[in-house]
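> Need the 3D shape of this:
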Amino acid sequence: MNGVRLYFRYIRLHFLSQLQYTLWPMALLTTALFVATDPLDALLMFDRFGAIGEWTASRILLMYGMALFAFGLAELFARGLDFFPQLVRGGEFDRMLLRPRSLLLQSMATRFHLNRLARVIAGLALLIVSLRMQGVALGVMDLAMLVLAILGGIL
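Here you go, the predicted structure:
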(Lines give C-alpha, C1' and ligand atoms only; values in the text may rest on other atoms or scores of the structure.)
Protein backbone atom coordinates (compact mmCIF):
# COMPACT_ATOMS: atom_id res chain seq x y z
CA MET A 1 0.00 0.00 0.00
CA ASN A 2 1.49 3.33 -0.97
CA GLY A 3 1.89 6.20 1.46
CA VAL A 4 -0.88 8.44 0.19
CA ARG A 5 -3.49 5.69 0.34
CA LEU A 6 -2.37 4.80 3.84
CA TYR A 7 -2.52 8.44 4.92
CA PHE A 8 -6.10 8.75 3.71
CA ARG A 9 -6.95 5.49 5.45
CA TYR A 10 -5.63 7.02 8.71
CA ILE A 11 -7.73 10.11 8.03
CA ARG A 12 -10.79 7.96 7.34
CA LEU A 13 -10.33 6.13 10.65
CA HIS A 14 -9.99 9.43 12.53
CA PHE A 15 -13.08 10.70 10.73
CA LEU A 16 -15.13 7.62 11.61
CA SER A 17 -14.01 7.77 15.24
CA GLN A 18 -15.13 11.40 15.49
CA LEU A 19 -18.51 10.55 13.97
CA GLN A 20 -19.14 8.41 17.05
CA TYR A 21 -19.74 11.62 19.00
CA THR A 22 -23.30 12.83 18.57
CA LEU A 23 -22.45 16.51 19.03
CA TRP A 24 -19.72 16.73 16.37
CA PRO A 25 -21.95 18.78 14.01
CA MET A 26 -22.43 21.30 16.82
CA ALA A 27 -18.66 21.58 17.28
CA LEU A 28 -18.25 22.07 13.54
CA LEU A 29 -20.91 24.79 13.45
CA THR A 30 -19.47 26.53 16.50
CA THR A 31 -16.01 26.60 14.97
CA ALA A 32 -17.43 27.85 11.67
CA LEU A 33 -19.31 30.60 13.49
CA PHE A 34 -16.21 31.80 15.34
CA VAL A 35 -14.09 31.69 12.20
CA ALA A 36 -16.71 33.46 10.08
CA THR A 37 -17.07 36.31 12.56
CA ASP A 38 -13.32 37.01 12.68
CA PRO A 39 -13.27 39.51 9.78
CA LEU A 40 -16.31 41.42 11.06
CA ASP A 41 -14.24 44.00 12.93
CA ALA A 42 -12.27 44.82 9.77
CA LEU A 43 -15.50 45.10 7.79
CA LEU A 44 -16.96 47.44 10.38
CA MET A 45 -13.86 49.63 10.23
CA PHE A 46 -14.02 49.79 6.44
CA ASP A 47 -17.73 50.54 6.60
CA ARG A 48 -17.04 53.45 8.92
CA PHE A 49 -13.93 54.90 7.28
CA GLY A 50 -14.03 53.62 3.68
CA ALA A 51 -10.97 52.46 1.79
CA ILE A 52 -7.40 52.86 3.00
CA GLY A 53 -5.59 53.98 -0.12
CA GLU A 54 -6.07 51.19 -2.66
CA TRP A 55 -7.16 48.69 0.00
CA THR A 56 -10.90 48.13 0.05
CA ALA A 57 -12.86 45.77 2.28
CA SER A 58 -13.16 43.22 -0.52
CA ARG A 59 -9.37 43.17 -1.03
CA ILE A 60 -8.78 42.66 2.67
CA LEU A 61 -11.35 39.84 2.65
CA LEU A 62 -9.57 38.29 -0.32
CA MET A 63 -6.26 38.25 1.54
CA TYR A 64 -7.92 36.97 4.71
CA GLY A 65 -9.80 34.26 2.78
CA MET A 66 -6.61 33.10 1.06
CA ALA A 67 -4.72 32.97 4.35
CA LEU A 68 -7.58 31.23 6.17
CA PHE A 69 -8.02 28.66 3.40
CA ALA A 70 -4.29 27.90 3.20
CA PHE A 71 -3.87 27.69 6.98
CA GLY A 72 -7.01 25.58 7.29
CA LEU A 73 -5.75 23.05 4.75
CA ALA A 74 -2.33 22.89 6.40
CA GLU A 75 -3.88 22.49 9.83
CA LEU A 76 -6.41 19.91 8.64
CA PHE A 77 -3.93 17.59 6.96
CA ALA A 78 -0.61 18.20 8.74
CA ARG A 79 -1.46 19.28 12.28
CA GLY A 80 0.32 16.24 13.68
CA LEU A 81 3.69 17.76 12.76
CA ASP A 82 3.14 20.50 15.36
CA PHE A 83 2.98 17.82 18.04
CA PHE A 84 6.17 16.03 17.03
CA PRO A 85 8.01 16.89 20.30
CA GLN A 86 5.12 15.40 22.29
CA LEU A 87 5.30 12.24 20.16
CA VAL A 88 8.98 11.88 21.01
CA ARG A 89 8.55 12.63 24.72
CA GLY A 90 5.50 10.40 25.08
CA GLY A 91 7.13 7.41 23.42
CA GLU A 92 4.68 7.30 20.51
CA PHE A 93 7.49 8.05 18.06
CA ASP A 94 9.28 4.87 19.19
CA ARG A 95 6.22 2.87 18.16
CA MET A 96 6.21 4.65 14.81
CA LEU A 97 9.82 3.64 14.22
CA LEU A 98 8.80 -0.01 14.46
CA ARG A 99 6.19 0.30 11.71
CA PRO A 100 7.37 -0.15 8.13
CA ARG A 101 5.75 3.10 7.01
CA SER A 102 6.87 6.67 6.42
CA LEU A 103 7.52 8.55 9.66
CA LEU A 104 6.38 11.80 8.07
CA LEU A 105 3.11 10.22 7.03
CA GLN A 106 2.49 8.69 10.43
CA SER A 107 3.26 11.88 12.34
CA MET A 108 1.10 13.98 9.98
CA ALA A 109 -1.86 11.67 10.50
CA THR A 110 -1.76 11.67 14.31
CA ARG A 111 -3.92 14.77 14.79
CA PHE A 112 -6.91 14.97 12.49
CA HIS A 113 -9.98 16.76 13.83
CA LEU A 114 -13.09 17.21 11.79
CA ASN A 115 -13.93 20.64 13.20
CA ARG A 116 -10.87 22.06 11.45
CA LEU A 117 -12.77 21.57 8.24
CA ALA A 118 -14.80 24.64 9.22
CA ARG A 119 -11.74 26.85 8.74
CA VAL A 120 -11.23 25.48 5.22
CA ILE A 121 -14.88 26.01 4.30
CA ALA A 122 -14.95 29.53 5.77
CA GLY A 123 -11.74 30.47 3.96
CA LEU A 124 -13.03 29.18 0.65
CA ALA A 125 -16.35 30.99 1.14
CA LEU A 126 -14.56 34.26 1.96
CA LEU A 127 -12.33 33.81 -1.06
CA ILE A 128 -15.30 33.31 -3.39
CA VAL A 129 -17.34 36.14 -1.86
CA SER A 130 -14.47 38.61 -2.02
CA LEU A 131 -13.74 37.75 -5.66
CA ARG A 132 -17.42 38.29 -6.47
CA MET A 133 -17.44 41.60 -4.57
CA GLN A 134 -14.55 42.81 -6.68
CA GLY A 135 -16.10 41.59 -9.91
CA VAL A 136 -12.97 39.68 -10.84
CA ALA A 137 -13.20 37.21 -13.71
CA LEU A 138 -10.36 34.77 -13.18
CA GLY A 139 -8.41 33.79 -16.26
CA VAL A 140 -6.18 30.76 -16.47
CA MET A 141 -3.08 32.66 -15.35
CA ASP A 142 -4.97 34.38 -12.52
CA LEU A 143 -6.30 31.06 -11.29
CA ALA A 144 -2.83 29.52 -11.49
CA MET A 145 -1.43 32.44 -9.47
CA LEU A 146 -4.17 32.03 -6.87
CA VAL A 147 -3.50 28.30 -6.55
CA LEU A 148 0.25 28.89 -6.25
CA ALA A 149 -0.32 31.56 -3.60
CA ILE A 150 -2.49 29.17 -1.58
CA LEU A 151 0.05 26.35 -1.97
CA GLY A 152 2.75 28.74 -0.78
CA GLY A 153 0.60 29.55 2.23
CA ILE A 154 0.18 25.87 3.01
CA LEU A 155 3.91 25.27 2.95
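
> ok, and for the helix or strand hosting Ala125, which residues are buried?
Using DSSP states H and E, Ala125 maps to helix 117-134. Within helix 117-134, the residues that count as buried by 16 or more other Cβ atoms under 10 Å are 117-127, 130-131. For glycine as for every other residue, the C-beta is placed from the backbone atoms N, C-alpha and C.

> helices and strands around the very next helix or strand once past it, which ones?
Sequence-wise, the next helix or strand downstream of helix 117-134 (DSSP H and E) is helix 140-154. Contacts defined by 3 or more Cβ pairs under 8 Å, 6 or more residues apart in numbering; DSSP states H and E place helix 140-154 against helix 57-78.

> what about the following helix or strand past the helix it packs on, average pLDDT?
Past helix 57-78, further along toward the C-terminus, the next helix or strand under DSSP H and E is helix 84-90. Averaged across helix 84-90, the pLDDT comes to 88.

> Quick check: next helix or strand after helix 84-90?
Counting by DSSP H and E, the next helix or strand C-terminal to helix 84-90 is helix 92-98.

> for that next one, packing partners?
Secondary elements touching helix 92-98 (3+ Cβ pairs under 8 Å, 6+ apart): helix 84-90, helix 103-108.

> which of those helices is buried the deepest?
Of the helices and strands packed on helix 92-98, the one with the most neighbours on average (mean count of other Cβ atoms under 10 Å) is helix 103-108, at a mean of 17.

> List the residues that contact Leu126.
Pro39, Leu61, Leu62, Tyr64, Gly65, Leu68, Phe69 (Cβ atoms under 8 Å, 6 or more residues apart in numbering).

> I meant Tyr7, not that one.
Contact analysis of Tyr7 by Cβ under 8 Å, 6+ apart lists Leu105, Met108, Ala109.

> Against Tyr21, how distant is it?
Per Cβ to Cβ, to the nearest Å, Tyr7 is found 23 Å from Tyr21.
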